[in-house]
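Visitor: Sharing a model that was predicted from the sequence below.
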Amino acid sequence: MNLGDFEIIYEKHVDMPPFPKERPRLGKNGAYMRDEYHARKEELAWMLNPMPEIDAQNMYGLQVVAIRSVPKSAGKAVKQALPGNFCRPGPDGDNAIGAVADVMFLNDSQIAWWDAKKIWGETAGMIIRIYDLGPAEMVVR
C-alpha cells in the first residue's frame, strides 16, 4: 500500500518556514506552550483556510514536505544543485508534521499514516496533503 493509492482531499503549499511541534513546558501554574508556538499555529491555520471537513469516523493520511531555503551564503553551483534534494537541518520531520497535525486535527489519533520529508528549495515553505484512508474499523477481541 502507498499513500498514492488513496484520494487526496486537501493539498496546499504555504509560504511559511516549517516549525517544530513544541513540547509543553512546566511552570508554577502547570503545563503551558509558549506564546510564539501559539502564534505560529494561528498563522498556519489562517494560511490553510479553508480547511477540509474531517469526518470523525474516518482515518486519514497526513503528508508534509518541509522545504528549507538554500542558504544565501551558498555558491552559485550549490544554489542550483540543492533544490529538490533531501536536507538535514531541522526541524526534525516528526516535529514538523506534529505541528501541522496540531493545526488541522482536533484528534490526531485519526491520522493512521504519517509521512514527512525535508528538502531544499529556493524559498522556505510547506506542502501539506491529507489523504482519505476510509472509515475507521475497530476490532475488539
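Guide: In hand now; what should we look at?
Visitor: mind listing the strands in the chain by residue range?
Guide: For the chain, applying DSSP state E gives strands covering 7-14, 25-27, 30-32, 58-69, 111-121, 125-135.
Visitor: Tell me which of these is the most buried.
Guide: strand 58-69 (a mean of 21; mean count of other CB atoms under 10 Å). To be clear about C-beta, it is placed using only N, CA and C from the backbone, and glycine gets the same treatment.
Visitor: Can you check which helix is longest in this structure?
Guide: helix 35-48 (DSSP state H).
Visitor: what about the residue nearest to Ala45 when sequence neighbours are not counted, how many residues close to it?
Guide: Leaving aside its sequence neighbours, Ala45 sits nearest to Val103 (CB to CB, 6 or more residues apart in numbering; 5.0 Å). Using other CB atoms under 10 Å, Val103 has 17 neighbouring residues.
Visitor: Surely Val103 touches Trp46?
Guide: No: when contacts are counted by CB atoms under 8 Å, Val103 is not listed as touching Trp46 (9.8 Å).
Visitor: Mutual contacts of the two, please.
Guide: Common neighbours of Val103 and Trp46 are not found (criterion: CB atoms under 8 Å, 6 or more residues apart in numbering).
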